[in-house]
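> 3D, please:
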Amino acid sequence: MQSFRTELENPVVEKEIIELERKIRAFHEGKIADEKFRSLRLARGVYGQRQPGVQMVRIKLPFGKVTFKQLLRIADISDEYASRNLHLTTRQDIQIHYVSLDKTPELWAKLAQDDITLREACGNTVRNVTASPTAGIDPEEPFDVSPYAHALFAYFLRNPICQEMGRKFKFAFSSSVRDTAFTYAHDLGFIPKIRTVNGVEQRGFKVMLGGGLGAQPMIAHVVHEFLPEDQLIPYSESVIRVFDRYGERNNRNKARFKFLIQKIGLEEVLRLIDEERTANKVKSFVIDRDTVPQPEPPETVQVPSVTIENPVAYELWEKTNVSPQKQAGFYIVYVKVSTGDLPTWKARKLVDGLRGHIADEIRITQNQGFLFKFVRKESLPHIYAVLDELGLAAPGFDSVADVTTCPGTDTCNLGISNSTEMARVLEKLIYDEYADLVYNRELKIKISGCMNSCGQHGLAHIGLHGSSLKAAGKVVPAAQVMLGGGTLGDGIGRAADRVVKVPSKRVTDVLRLLLDDYAANAHEGELFHQYYDRQTKDYFYRLLKPLADLTTLTDDEFVDWGHEETFQTAIGVGECAGVVIDLVATLLFEAEEKLGWANESFNAGAYADAIYHAYSVFVSAAKALLLDKGVHSSSQHAIIKDFDTHFVETGEFPFAGSFGAQVLEINKHEPSESFAKEYLAAATAFYGASLAKRESSDTVSA
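Presented below is the predicted three-dimensional model:
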């Protein structure tokens, strides 16, 4: 691969990009093991794709915020390096596909010129911080959560405490009690609250802890009814520290924060969180509320004369896709982007047509659409005409007809079925047969290509995820039907129940049965959750069970949606949570690298960072020696205990006192210069002794 030079104002980003290029070269030369390199590139937003030899690149957009210039830059990048398509995700990111690995540093450098990052968009890190797309303009919000979401994003980006966790960690901010960011389904979720003390208003957050979707969805616990705003980041840091130290690292299926709570109990987790507060970099963090100011409304322009050829369609669009924002005289326009896929040529025409009619800040929504803000009433016909010309004026944003889906087998290694085509089929069914449901925002349909819930099927009223069945000696593409999930409000939600598994081609019949039954038998005003609870899961199982009969399969049902060939399951190795690295030499190399980072941080006066890097030196070196002995520890805390058991207590590794007592000094002290110097010196000595121990054992073995 050819080297290149970046032209960036940010030397930190430039260094990272050059480092990525260097490590790609080393990987090609066989100097970095595949497992280690995979972990490294994932933390830089480069994700292996189902198709061999190409990558998916995830672009990290905090709470889905993107300017015209940034959107055009991303479109240019997709044209030059990818497939001329932008995929909007349920975590408010943009993904591009079919990218050459060797081109990723160059691509990142060009994105960085417009302040766009790939850093920590994938891997065992803090993922994109999401928020209600209406934040700042929501008529029901106590205050704008955007500055808080941005502060959290910035604080944990490149933060040493969350670079190599057992698995990913997700934050969400909802703008109001309607909980449109699904805080109950996140590791940490925040809902804004205001309380009055002695006549003074104080801002804070209701805090939800330990939620998550995936194959085993769990609803978060309410751990604070009111956390003062200045404690948002200190509390989050303490939680991350606990997850990093105690989270599972061997069994990735049990490595999310929700499973740590399940394993040791909420009370113990909260005790550990409180124990970490002493070591936090900050005890109070006052967030600058002007960090993310609202964009300027567009200047008043002369709106082009527009002839609406179909006034009925326009009226339907306006009723379902437009709503007032809290700033008087302005409107929100929502855009339904089917399956979240937007060709780059449409992105350009969209920006060209919207300039002067919306604020220069687009938000990507959790259901894979767009939100425009500060729209004047007189611009609505023009905006509709622009959208209609591009095929983006479909009514029913966030309604039954707006089906959320992940890419499925289009590009994802873990995809079992074609979720995108299934979504298109179901949306068409709604428009053709149940047109009135475009007004219904109380019933959601969500689809994932596998059980991992990237399409959020676990929190849908009607959820579907890709699966398979066997019949007549062949594999049948199937969909697991899940019912009864969704948002109740103010941090309370429901995880959907698994009801029945049916051949994929029968999901249209599943949907018809459910919608017809609901229309026929629900009480007046009865919401779907109430109806589902009254009828019970068994009722719906019996209703849908005939569709699971495999004795009536037709030849067509052995072929997945959007395909012509007979179905075969072809699941690759998932990379969304990274890989556990168990190579002794690699771990010792990592310890040396972290020791260098610790010294750099100390010399820069970043004592908290220096301490955490030094802690990582202890853990990596100890893990290396344990693995050399065949001991596989399941967490960092287990590594610390196992090292005492197998090395210190046996006298094999001379150590003054216990290893655990020294390493865990990290959460007993303020991150001062004196403690950082002392702790770093101890880590340096331990690394040297570990290296000597490893070398001596190699000599004995030889």
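
> Arg534 versus His523, what's the distance?
8 Å (Cβ to Cβ, to the nearest Å). Where you see a C-beta, it was placed from the backbone N, CA and C, and this is true even at glycine.

> which of the two has more neighbours?
Neighbours per residue, other Cβ atoms under 10 Å: of His523 and Arg534, the larger number sits with Arg534, 12 against 9.

> next, Ala33: phi, psi?
The phi/psi pair for Ala33 (degrees, to the nearest 10) reads phi -60, psi 150.

> how far off centre is the helix or strand bottoming out on mean pLDDT in the chain?
Sorting the helices and strands of the chain by mean pLDDT, DSSP states H and E puts helix 34-42 at the bottom, at a mean of 78. Computed by Cα atoms, centre = their mean, to the nearest Å, the chain-centroid distance of helix 34-42 equals 19 Å.

> can you name every helix or strand that it contacts?
Using 3 or more Cβ pairs under 8 Å, 6 or more residues apart in numbering; DSSP states H and E, the elements in contact with helix 34-42 are helix 11-28.

> please enumerate the strands of the stretch 201-350 of the chain.
Using DSSP state E, counting those that start in this stretch, the strands of the stretch 201-350 of the chain run over 221-228, 322-324, 331-335, 341-343.

> output stretch 317-335 as PDB, restricted to C-alpha atoms.
The C-alpha coordinates for stretch 317-335 follow below in PDB (Å, rounded to 0.1, in the frame of the first residue of the first chain):
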ATOM      1  CA  TRP A 317     -47.600  13.700   4.200                       C
ATOM      2  CA  GLU A 318     -48.100  16.900   6.200                       C
ATOM      3  CA  LYS A 319     -50.300  15.200   8.800                       C
ATOM      4  CA  THR A 320     -47.900  12.300   9.400                       C
ATOM      5  CA  ASN A 321     -44.500  13.700   8.700                       C
ATOM      6  CA  VAL A 322     -44.700  17.300  10.000                       C
ATOM      7  CA  SER A 323     -45.100  18.700  13.500                       C
ATOM      8  CA  PRO A 324     -44.600  22.000  15.400                       C
ATOM      9  CA  GLN A 325     -41.300  22.400  17.200                       C
ATOM     10  CA  LYS A 326     -41.100  24.300  20.500                       C
ATOM     11  CA  GLN A 327     -39.700  27.400  18.900                       C
ATOM     12  CA  ALA A 328     -42.800  29.300  17.800                       C
ATOM     13  CA  GLY A 329     -43.400  29.600  14.100                       C
ATOM     14  CA  PHE A 330     -41.200  26.600  13.100                       C
ATOM     15  CA  TYR A 331     -41.900  23.000  12.200                       C
ATOM     16  CA  ILE A 332     -40.100  19.700  12.200                       C
ATOM     17  CA  VAL A 333     -40.100  17.600   9.000                       C
ATOM     18  CA  TYR A 334     -39.500  13.900   9.300                       C
ATOM     19  CA  VAL A 335     -38.300  11.900   6.300                       C
END
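
> just put the strands of the stretch 201-350 of the chain in TSV and tack on distance to Arg58 and mean neighbour count.
Shown next, in TSV, are these (distance: least, Cβ to Cβ, whole Å; neighbours: other Cβ atoms under 10 Å):
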stretch	distance to Arg58	mean neighbour count
strand 221-228	29	16
strand 322-324	30	16
strand 331-335	21	22
strand 341-343	15	19
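
> need the ones you listed in JSON lines with distance to Tyr431 and mean pLDDT, can you?
Listed next are the strands of the stretch 201-350 of the chain as JSON lines, based on distance: least, Cβ to Cβ, whole Å; pLDDT from 0 to 100:
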{"stretch": "strand 221-228", "distance to Tyr431": "39", "mean pLDDT": "98"}
{"stretch": "strand 322-324", "distance to Tyr431": "19", "mean pLDDT": "98"}
{"stretch": "strand 331-335", "distance to Tyr431": "16", "mean pLDDT": "98"}
{"stretch": "strand 341-343", "distance to Tyr431": "18", "mean pLDDT": "96"}
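
> with respect to Tyr155, which of the ones you listed lies nearest?
Minimum separation from Tyr155 across the strands of the stretch 201-350 of the chain (Cβ to Cβ) falls at strand 221-228, 15.5 Å.

> give me the contacts around that closest one.
Applying Cβ atoms under 8 Å, 6 or more residues apart in numbering, the contact partners of strand 221-228 are 190, 193, 195, 202-211, 235, 261, 266, 270, 491.

> buried subset of those residues?
190, 193, 203-211, 235, 261, 270, 491 (16 or more other Cβ atoms under 10 Å).

> from the residues you listed, which land in helices?
Those of the buried ones among the contacts of strand 221-228 mapping onto helices are Tyr235, Ile261, Leu270, per DSSP state H.

> next, format these as a markdown table and append pLDDT and distance to Thr307.
A markdown table is the format used below for those (pLDDT from 0 to 100; distance: Cβ to Cβ, whole Å):
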| residue | pLDDT | distance to Thr307 |
| --- | --- | --- |
| Tyr235 | 98 | 56 |
| Ile261 | 97 | 59 |
| Leu270 | 98 | 62 |
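
> does Arg498 sit in a helix, a strand or a coil?
Under DSSP: H, G, I helix; E, B strand; the rest coil, Arg498 falls in the strand class.

> that one contacts Met482, correct?
Yes - counting by Cβ atoms under 8 Å, Arg498 does reach Met482; the two are 5.5 Å apart.

> so for those two, which residue has more residues nearby?
Shown here are Arg498 and Met482; by other Cβ under 10 Å, Met482 has more neighbours (26 against 15).

> looks to me like the more buried one is in a helix.
No - counting by three-state DSSP, Met482 is located in no helix; its state is strand.

> distance of it from Glu140?
When Met482 is compared with Glu140 (using Cβ to Cβ), they lie 29 Å apart.

> before we move on, what about Ser453?
Taken as Cβ to Cβ, the span from Ser453 to Glu140 is 27 Å.

> higher neighbour count, those two?
Ser453 (26 against 12).

> leaving out sequence neighbours, find the closest residue to the more buried one.
Closest residue to Ser453 apart from its sequence neighbours, by Cβ to Cβ, 6 or more residues apart in numbering: Leu213 at 3.7 Å.

> how about that neighbour, what does it touch?
Shown in contact with Leu213 (Cβ under 8 Å, 6+ apart): Ala185, Asn452, Ser453, Gln456, Gly458, Leu459, Ala495.

> so how many other residues sit close to the first one?
Spelled out, it's Ala185. Using other Cβ under 10 Å, the number of residues around Ala185 comes to 29.

> and the fourth one, by the same measure?
The local packing of Gln456 (other Cβ under 10 Å) involves 25 other residues.

> now it: phi and psi?
Phi and psi for Gln456, reported as degrees, to the nearest 10, are phi 70, psi 30.

> contacts only, for it.
Thr90, Phe182, Ala185, Leu213, Gln366, Thr404, Lys446, Ser448, Gly463.

> the first one now?
Remark: with contacts taken as Cβ under 8 Å, 6+ apart, Ala185 is in contact with Ala172, Gly211, Gly212, Leu213, Pro217, Ile219, Ala220, Gln456, Gly458, Leu459, Gly493.

> pull out the buried residues from stretch 71-83.
Neighbour-count burial for stretch 71-83 [16+ other Cβ under 10 Å]: Leu71, Leu72, Arg73, Ile74, Ala75, Asp76, Ile77, Ser78, Tyr81, Ala82, Ser83.
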